[in-house]
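Student: give the three-dimensional model of this entry:
(one chain, ligands or ions: 1)
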Amino acid sequence: MQYISTRGGIEPISFTEAVMMGLADDGGLLLPRAIPRIGSETFAAWKDLSYPELAFEIMSRFIDDIPEADLRNLINRSYASFDTDDVIPIVHQGPLHIMELFHGPTLAFKDIALQFLGNLFEYLLERDDTVMNIVGATSGDTGSAAIYGVRGKERINIFILHPHQRVSEVQEKQMTTVTDSNVFNIAIRGTFDDGQAIVKSIFNDLKFKEEYNLGAINSINWARVLAQVVYYVSACLHINNHENDKATDFSVPTGNFGDIFAGFIAKRMLPEGSIRKLLLATNANDILTRMVTSGDYSLGEVAVTSSPSMDIQSASNFERYLYYLLDKEPHKIKQTMEQFAETGSIDLTDFLVQIQRDFTASSSTEEEVEQTIGDFYREYGYIMDPHTAVGVHCALQHQEQGIPICCLATAHPAKFGETVEKSIGKSLELPSAITEILGKESRCELMDSDRNLIQDFVRDHARHQ
Ligand SMILES: *Cc1c(COP(=O)(O)O)cnc(C)c1O
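Tutor: Alright, predicted model coming up:
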C-alpha cells in the first residue's frame, strides 16, 4: 500500500515512511492511496479471531513493508499491556452497547493507538539503526499515553509539554511519575495552545527536525488512525453476533475528528450495511456538529468543559475527511485549507447531502452531561466519564427503533472523577492504576512558555546516534 498527501505535493511513500514523516512534507496529511475493501465472506470468517489477530488482518491490508511475523509480534506486545484479554470489552447497558476503550495503562482510549505506535517506532529505529526525539504538547490524555508508549525504550527520548496547573491531578501524576531516564516532562507557564504553538514552531525548524530526528505522536500520524479502525470492525463483528447482522450505528465523542475518522475508514472498508451512521458527538466546542447539521465549518472560541480532551476548535484530522468530500482532488483540498487558514471558515452547504449520508451530529451542554451520567447510573448502575456521556447523550437523542447502537467509552470515569462524583452523588472507587501513582515521586521541569528556552532544553537532553 502506498501513501499520498491530501495536498498532492509529495511522491507516494510506503507505510513506514508515512509513520516516520508524521505530517506530510507539503503540509498535508498522509492517507492510503486506496481503502481496501473487505468482502462479506472474509468479514464473516473473522468473527472468532482474538483482538490482536483481528488487528493483524486489518493492519496488514494497509502495511506491506513490515514482515508478517514482525507485525504480529508488534501487535501482540501492544495489547498485552491491557488489563483484560478482550482488550476492548463491550458491555450491554440499557438500550446501548458500550465499547470500553479505557483498559490500557493510562485509562483512556489513546492507549490503543499509542501502545502500538511506541512499539512501532522502536522497531523501525532498530531496523534503521537510528534514534528519535519525540516532542509533543498535550492537554492531558495524549501526553500520558505517549509517555507510557515509549518509556524505557532504548532509542527514543520523549519531551512532553503540558500547561502548568491546567491538567487534572490524575493526568499530571500519570505523566510526571514516569521517571525513566528517556522521559522529560515540561510544565509550561501558559496554555495548551501556547505549548502546541511552541511544538509546531520547533518542527518548522527543518534543520533542527532533521538533526534530532524529531518524531510526532499526535493524531495526524496515520498509524494512530489505523490502530483505531480495528475496534470499529471488532464491535461490528460482536454486535452482529448479538443482533443478527443488523447495520450498526456508532456514537463517537470527538474533538480532533481522529477517532470518528477511523470509523469513517471502517465504514468504507466493510461490506455495505455493516455500519449505518456515525453519530458525531461534541461538547460546547461544536464546530464539527455545525459542519454536519448546516455545512458551516467555522472557528469559534475554545470553551472550557468537563470533557477537556474535546475542548478543541480546529480539528486536526478534518483535512483527511475533506479529501474524500472533495473528490480526492489535491488542488481543491489545498485551496480550501489555505482559505480556512486565512478566514477561519469553510462553507460546505453544497455537500450536506453527502455529509449526512455518513454522519448525524449533536452537542451536549454541561448540564446534559451531568444529567446523562446521573440518569444512566440511577437507571442501570453503570458509571461513565464525561467524554463518554457526550456520546451517550447524542446516541439517546438519535437512536432509531431496531438499529443497534454502539457508544465509544473513551476514558475511565475515575480519570475525570470530580464531574462524575458530582453527577452520581457518591464517591468513586479508584482503580489501582490511579491509587498507585498518587503518592509516587514525580519529576517535571517548570519553564516559561518560551520557544527558544524549550528548544535549548530539547537540544541539551536529546538522544544522539
Ligand atoms: C482525545 C480524547 C477524545 C477525542 O478524540 P479525537 O480523536 O480527538 O476525536 C475523546 N475522549 C477522550 C477521553 C480523549 O482523551
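Student: what is the burial count for residue 422?
Tutor: By other CB atoms under 10 Å, the residues close to residue 422 number 12. No exception for glycine: its C-beta is placed from N, CA and C like everyone else's.
Student: tell me who's in contact with it.
Tutor: Residues in contact with residue 422 (CB atoms under 8 Å, 6 or more residues apart in numbering) are residue 370.
Student: can you pull the contacts of residue 390?
Tutor: 253, 281-283, 307, 310, 363-364, 369.
Student: and those residues, which is closest to residue 76?
Tutor: When those are compared for distance to residue 76 (CB to CB), residue 253 wins out at 28.8 Å.
Student: look up phi and psi at the closest one.
Tutor: In this entry, residue 253 is assigned phi and psi values of phi -70, psi 130 (degrees, to the nearest 10).
Student: just give me the neighbour total for the closest residue in space to residue 448 that isn't next to it in sequence.
Tutor: Nearest residue to residue 448 in three dimensions, chain neighbours excluded: residue 189, at 5.4 Å (CB to CB, 6 or more residues apart in numbering). Here the number of neighbours of residue 189 (other CB under 10 Å) works out to 13.
Student: and residue 189, what does it touch?
Tutor: 164, 446-449.
Student: so which of those belong to strands?
Tutor: When DSSP state E is applied, these are split such that 446-448 fall in strands.
Student: compute the number of surrounding residues for whichever residue of the stretch 51-200 of the chain sits closest to the ligand.
Tutor: Minimum separation of the stretch 51-200 of the chain from the ligand (CB to the nearest ligand atom) falls at residue 141, amounting to 3.4 Å. The tally of other residues near residue 141 (other CB under 10 Å) stands at 25.
Student: what parts of the stretch 301-450 of the chain come near the ligand?
Tutor: Contact residues (CB under 6 Å from any ligand atom) of the stretch 301-450 of the chain with the ligand: 309-310, 387, 410-411.
Student: ok, longest helix in the protein?
Tutor: In the chain, taking DSSP state H as the definition, the longest helix is helix 222-243.
Student: distance from that helix to the middle of the chain?
Tutor: 14 Å (CA atoms, centre = their mean, to the nearest Å).
Student: buried sites along it?
Tutor: 222-240 (16 or more other CB atoms under 10 Å).
Student: which one of the ones in strands among the contacts of residue 189 is nearest residue 146?
Tutor: For those, the minimum distance to residue 146 (CB to CB) is 18.9 Å, reached by residue 447.
Student: report whether stretch 257-271 contacts the ligand.
Tutor: Yes. Judged by CB under 6 Å from any ligand atom, stretch 257-271 and the ligand are in contact via 257-259.
Student: nearest to the ligand, out of these: which one, please.
Tutor: Distance to the ligand across these (CB to the nearest ligand atom) is lowest for residue 258, with 2.9 Å.
Student: tell me who's in contact with that closest one.
Tutor: Residues in contact with residue 258, defined by CB under 8 Å, 6+ apart, are 219, 224-225, 228, 316-317.
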